[in-house]
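Enquirer: requesting a structural model of the entry that follows:
(one chain, ligands or ions: 1)
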Amino acid sequence: MAGQVQGKVALVTGAACGIGAACAEVLAREGADVLMTDIDDARGEALAATINARGAGRAHYMHQDVAEEARWPEVVAEAERRFGGLQVLVCNAGIGIMVPSVLDMSLSEWRRQMAINVDGVFLNVKYGIPAIRRAGKGGSVVMISSVAGLRGSAGLAGYSATKGAVRLFAKSVALECAGARDNIRCNSVHPGIIATPIWEKIPAGMGGGRNAPIDPHQLAAAGVPIGVASEAKDIAEGVLWLACDASRHVTGSELVIDGGMTAGRIGSIGQR
Ligand code: NAP
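Expert: Next comes the predicted model:
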C-alpha cells in the first residue's frame, strides 16, 4: 500500500533530535524523501542512516543553522537536485530561553531566540515556497509553534513572543498562497509539553535562578489535564496529517496537540 506522503519531498529543520527527528522518521515511513537539516551533525547523520536502512522513503542530512540566510539556497537546491523537487516544509528548529523574568533577559538572548525561532521560519518560507512552486505539484508548509504561541507563559515571555509570531505568520502565508492559487497550504502546530531534549537545554540560557534541568514528565503531571507529557511522535503524526492530501482543505489553521492544556483545568467547579 502506498504511504500517505509517497512521492513527496519534505524538508525538515532541526531534524537531528526531538520533534524534528520524529517528523523525519514518520514522513519517511509514509514514503516521503526527506532532507533533514540541523546543527547537530553526528545525530543528524546517524538518523539519516537509520531511516535509509529501513528502506521506505529516503533521507539525506545536511548541516544548517536556520538563522543563516546564505545556507538556505544551498539546502533548497540540494532537495531539488537529490530528490527532484520539494512539496513539504516542516519549519521545526527552535530554542527556548527561560529566565526568571523577561527583565533578566539580555538583548542578545532575545535576538538569538528571535533569529532561530522567527527569522529561521521566515527564511524557510522565503526559499522553500519558490521551490515548491517550481516543482508544480502544490505542497504543505507546517510551522511548529507551541501552546506558548496561544497564551502567555511566565518565564518564557521571549519564547512566547516568537511562537505567537509564528502562529500569525502561518496564517498570513496561508492567505498569500491561497490568493496565488498555487495549491500550497500553510498551518501551525501547537505542542504542549513534549518529552524531548529541549528541556535539558533550557536552563543553559537562564540568567539566574534554577540550575537543574526541567523534567517534562513532572511538569506534565502538574499542568497537563491528561497527566502525562506527549512524545515527539505524537506531534509527528499531526505533522504527517497536515503534510498529506487528507488535509487538503486545511490551511491557515492551528493544530493543537497539548493533552488538553489549552482547554482549561480539570478539578474546577462543575467538572467533578
Ligand atoms: P530539541 O529536542 O532541542 O530539538 C531541536 C533540534 O534543533 C536540535 O537538534 C537542535 O540542535 C536543533 N537546532 C537548534 N538550533 C538550531 C539552529 N539554529 N538551526 C538548526 N537547528 C537547530 O527541541 P524539540 O523539543 O524537538 O523542539 C522542536 C520544536 O518544537 C521547537 O520549535 C520548539 O520550540 C517546539 N516545541 C517544543 C515543545 C516541547 O515541549 N518539546 C513544546 C512546544 C513547542 P542542538 O541540540 O545542537 O541545539
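Enquirer: only C-alpha atoms for contact and neighbour calcs from this point on.
Expert: Fine.
Enquirer: show me the shaky parts of the stretch 101-250 of the chain.
Expert: Residues of the stretch 101-250 of the chain that meet the criterion pLDDT under 70 lie in 203-212.
Enquirer: what segments of it are strands?
Expert: 139-144, 184-191 (DSSP state E, counting those that start in this stretch).
Enquirer: and of those strands, who's closest to the ligand?
Expert: strand 184-191 (4.3 Å; C-alpha to the nearest ligand atom).
Enquirer: what about residue 151, neighbour count?
Expert: Other residues near residue 151 number 12, with proximity taken as other C-alpha atoms under 10 Å.
Enquirer: enumerate every residue touching it.
Expert: With contact taken as C-alpha atoms under 8 Å, 6 or more residues apart in numbering, residue 151 is in contact with residue 160.
Enquirer: export the strands of the stretch 101-250 of the chain as JSON lines, with columns for mean neighbour count.
Expert: Below are those laid out as JSON lines (neighbours: other C-alpha atoms under 10 Å):
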{"stretch": "strand 139-144", "mean neighbour count": "27"}
{"stretch": "strand 184-191", "mean neighbour count": "27"}
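Enquirer: dump those to a markdown table, plus distance to the ligand.
Expert: Formatted as a markdown table, the strands of the stretch 101-250 of the chain follow (distance: least, C-alpha to the nearest ligand atom, whole Å):
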| stretch | distance to the ligand |
| --- | --- |
| strand 139-144 | 5 |
| strand 184-191 | 4 |
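Enquirer: I'd like the ones you listed laid out as JSON lines, including distance to residue 226.
Expert: Shown next, in JSON lines, are the strands of the stretch 101-250 of the chain (distance: least, C-alpha to C-alpha, whole Å):
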{"stretch": "strand 139-144", "distance to residue 226": "22"}
{"stretch": "strand 184-191", "distance to residue 226": "14"}
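Enquirer: contact residues of this protein facing the ligand?
Expert: Within the chain, the positions lying close to the ligand (C-alpha under 6 Å from any ligand atom) are 14, 16-20, 38-40, 64-67, 92-95, 116, 144-146, 191-198.
Enquirer: out of these, which are inside helices?
Expert: Judged by DSSP state H, helices contain the following of these: 18-20, 198.
Enquirer: could you pull out the helices for the stretch 1-150 of the chain?
Expert: Counting by DSSP state H, counting those that start in this stretch, one finds helices in the stretch 1-150 of the chain at the ranges 18-29, 41-54, 72-83, 107-114, 120-135.
Enquirer: highest mean neighbour count out of these?
Expert: Ranked by mean neighbour count under mean count of other C-alpha atoms under 10 Å, these are led by helix 18-29, which reaches a mean of 26.
Enquirer: now that one, how far from the chain's geometric center?
Expert: Chain-centre distance of helix 18-29: 11 Å, with C-alpha atoms, centre = their mean, to the nearest Å.
Enquirer: export it as CSV, just CAs?
Expert: Coordinates of the C-alpha atoms in helix 18-29 are reproduced here as CSV (Å, rounded to 0.1, in the frame of the first residue of the first chain):
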residue,chain,number,x,y,z
GLY,A,18,13.2,15.6,19.3
ILE,A,19,10.1,16.6,17.3
GLY,A,20,12.1,17.2,14.1
ALA,A,21,13.6,13.7,14.2
ALA,A,22,10.2,12.1,14.8
CYS,A,23,8.8,14.1,11.8
ALA,A,24,11.7,12.9,9.6
GLU,A,25,11.0,9.3,10.7
VAL,A,26,7.3,9.4,10.3
LEU,A,27,7.4,11.2,6.9
ALA,A,28,9.9,8.7,5.6
ARG,A,29,7.9,5.8,7.0
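Enquirer: so what does it touch, helix or strand wise?
Expert: The contact analysis (3 or more C-alpha pairs under 8 Å, 6 or more residues apart in numbering; DSSP states H and E) places helix 18-29 against strand 9-13, strand 33-38, helix 41-54, helix 232-243.
Enquirer: and the third one, what does it pack onto?
Expert: So that's helix 41-54. helix 18-29, strand 33-38, strand 59-63.
Enquirer: sorry, back to before: quick one: closest of the helices of the stretch 1-150 of the chain to residue 236.
Expert: Minimum separation from residue 236 across the helices of the stretch 1-150 of the chain (C-alpha to C-alpha) falls at helix 18-29, 4.5 Å.
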